[in-house]
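>>> Fold the stuff below for me.
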Amino acid sequence: MKIGITIGDPAGIGPEVILKALQEPLADGIEPVVFGSRQVLERTDRLLVKAVTGYTPLISKFDTLHGPDDTVEPGAIGVIDVLPNLDAAHIPFGERDARSAQLQLAAFHSVVTAAQEGEIGAIVTAPWTKELFRTIDMPPVGHTEILAEAFDAPEHVMMLAGPRLRVALVTTHVPISRVSEQLRPPRLEAVIRTTAADLERLFGVKQPNIAVCGLNPHAGEMGVMGVEEGEIIRPVVNKLADELSDSVELSGPYSADTLFARYRGGRQPFDAVVCIYHDQGLIPLKLMHFGESANITLGLPVVRTSVDHGTAYDIAGWGVADAGSMRYAIELAVDMAKRVEK
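As a prediction, the model looks like this:
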């Protein structure tokens with residue numbers, strides 16, 4: 001099975017964490033294919049040889065492919081040059097460059113096409129810089145929006161998952177001031193349904209136990225601190241708890257501060273927590289699992305994982321980036337793809 005890995009923003013830490021993550025071989029029968037630029041990977045490999053004690057050079061393992069259906073030699077790392085005529089060898093680290101925008105976009109479009117055609121078993125994305133797209137006269141866009149359109153998946157859900165805590169988000173990259181207006185019963189219901197379905201499909205969790213957070217402090221405290229719990233969240237939770245009672249244990253809304261406290265001492269009280277806004281879920285997730293968690297897009301016909309961090313321009317090119325999340329994202333994608341393939 002091939003796993004398609006996109007290079008992300010070549011001016012960031014994406015190429016570095018990919019090569020560090022591939023220092024150890026993957027499971028038997030798994031072929032990593034990096035969509036991006038061989039020039040960028042070779043430059044990064046040379047940098048890491050000098051900067052990182054104990055780093056094993058990988059340049060001899062790079063196997064340039066003409067397309068994702070080409071065979072990857074055992075032990076090799078497939079590389080697809082998505083823009084072979086682009087001079088990417090001297091893209092500066094940590095700086096905005098139109099070539100980076102072109103490369104990160106072309107790599108992602110290429111891996112999506114490969115997934116649509118069944119040439120790869122899963123997608124793993126290194127981080128990219130949305131703001132870069134302005135340098136090529138495009139609006140800022142995220143991976144998830146492109147995936148949702150490509151696979152006609154309007155009910156997609158952003159999940160961050162580590163060994164114990166998994167959080168699914170009702171709203172994602174929106175200002176706090178707009179969260180309440182975007183919290184609507186159809187969206188909340190769709191997130192709960194998609195989360196429940198993919199906990200079984202992707203994670204193998206039978207009859208998942210799902211908690212739903214409130215929006216306000218103390219989950220609104222019976223309307224004293226907000227009405228969204230009583231008017232929106234509780235009615236949806238009650239409806240689905242009854243409807244899905246044979247296959248899902250669903251409860252809430254909970255006050256987020258005390259809910260996440262239940263994870264102390266190595267406990268895992270829930271299989272997933274549905275969170276109303278970005279930081280409500282990602283702060284506890286990263287406190288518990290930063291560097292050992294991954295971003296998963298639920299609701300797609302293809303497996304897609306990503307790292308739990310950004311491009312980190314401030315440390316790009318220094319060789320100090322932690323590749324734990326990339327390795328976790330790759331291994332998680334492999335496990336999920338095998339489960340879906342059965």
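
>>> And A256, how far from L199?
A256 sits 20 Å away from L199 when distances are taken as C-beta to C-beta, to the nearest Å. In this view, the C-beta of every residue, glycine as well, is placed from N, C-alpha and C.

>>> Also V191?
Taking C-beta to C-beta, one finds V191 at 12 Å from L199.

>>> in this structure, which spans are strands?
With DSSP state E as the criterion, the chain has strands at 2-6, 31-36, 62-64, 77-81, 122-125, 157-161, 166-169, 209-213, 249-254, 272-275, 294-298, 303-306.

>>> Buried residues, stretch 215-229. List them.
Residues 215-216, 218-220, 225-226, 228-229 are the ones in stretch 215-229 that count as buried (16 or more other C-beta atoms under 10 Å).

>>> hmm, I was thinking of stretch 110-129
Within stretch 110-129, the residues scored as buried using 16+ other C-beta under 10 Å are 110-112, 114-115, 119-129.

>>> In helices, which of these fall?
Of the buried residues of stretch 110-129, the ones assigned to helices by DSSP state H are 110-112, 114-115.

>>> Residue most distant from the centroid, the protein?
V224 (36.4 Å; C-alpha atoms, centre = their mean).

>>> what residues are up against that one?
Each residue near V224 by C-beta atoms under 8 Å, 6 or more residues apart in numbering is listed here: H218.

>>> What pLDDT is listed against it?
At V224, the predicted lDDT confidence score is 79.

>>> One more: the one 10 residues further on?
Here, the pLDDT recorded for R234 equals 97.

>>> Spatially, which residue comes closest to it, not counting chain neighbours?
Once flanking residues are discounted, R234 sits nearest to P253: 6.0 Å by C-beta to C-beta, 6 or more residues apart in numbering.

>>> same thing with D322?
G291 (5.2 Å).

>>> Please report how far that neighbour lies from A21.
According to C-beta to C-beta, G291 stands 12 Å off from A21.

>>> cool, and P163?
Here P163 is placed at a distance of 17 Å from A21 (C-beta to C-beta).

>>> Those two - which one has more neighbours?
Each of P163 and A21 has its neighbours counted (other C-beta atoms under 10 Å); A21 has more, 23 against 12.

>>> separation between E16 and S37?
For E16 relative to S37 (C-beta to C-beta), the value is 14 Å.

>>> next one: D246
From D246 across to S37, the span is 50 Å (C-beta to C-beta).

>>> Between those two, which is the more surrounded one?
Counted by other C-beta under 10 Å, D246 and S37 do not tie: S37 has more neighbours, with 28 against 6.

>>> Next, the closest residue to that one other than its chain neighbours: phi, psi?
Distances taken as C-beta to C-beta, 6+ apart place A88 nearest to S37, at 4.3 Å, with adjacent residues excluded. Note on A88: its backbone torsions stand at phi -110, psi 0 [degrees, to the nearest 10].

>>> Which parts of the stretch 151-300 of the chain are helices?
Assigned by DSSP state H, counting those that start in this stretch, the helices in the stretch 151-300 of the chain fall at 176-182, 185-201, 228, 234-243, 256-261, 278-289.

>>> S306 is nearest to which of the ones you listed?
helix 278-289 (13.2 Å; C-beta to C-beta).

>>> Quick check: which helices or strands does that closest one pack against?
strand 157-161, strand 166-169 (3 or more C-beta pairs under 8 Å, 6 or more residues apart in numbering; DSSP states H and E).

>>> pull the CA atoms of the first one into PDB?
Going back to what we said before, that points to strand 157-161. Taking C-alpha atoms only, strand 157-161 is exported to PDB below (Å, rounded to 0.1, in the frame of the first residue of the first chain):
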ATOM      1  CA  VAL A 157     -15.300  17.100  10.500                       C
ATOM      2  CA  MET A 158     -11.900  18.200  11.900                       C
ATOM      3  CA  MET A 159     -10.600  15.800  14.600                       C
ATOM      4  CA  LEU A 160      -7.400  15.900  16.600                       C
ATOM      5  CA  ALA A 161      -6.500  12.600  18.100                       C
END
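
>>> Pull out the buried positions in it.
For strand 157-161, burial by neighbour count (16+ other C-beta under 10 Å) applies to 157-161.

>>> What is the nearest of the residues you listed to G299?
Relative to G299, and with distances defined as C-beta to C-beta, the nearest of these is V157, at 5.4 Å.

>>> Now that closest one. Nearest residue, chain neighbours left out?
Spatial nearest neighbour of V157, excluding adjacent residues (C-beta to C-beta, 6+ apart): L298 at 4.1 Å.

>>> The one you found against A196, yeah?
No - using C-beta atoms under 8 Å, L298 makes no contact with A196, being 9.9 Å away.

>>> still on that earlier bit, look up how far A114 lies from the residue nearest to D322.
28 Å.

>>> Next: E200.
As defined by C-beta to C-beta, E200 lies at a distance of 26 Å from A114.

>>> so can I have a markdown table of the helices and strands packed on helix 278-289 showing mean pLDDT and distance to P235?
Below are the helices and strands packed on helix 278-289 laid out as a markdown table (pLDDT from 0 to 100; distance: least, C-beta to C-beta, whole Å):
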| stretch | mean pLDDT | distance to P235 |
| --- | --- | --- |
| strand 157-161 | 96 | 20 |
| strand 166-169 | 98 | 19 |
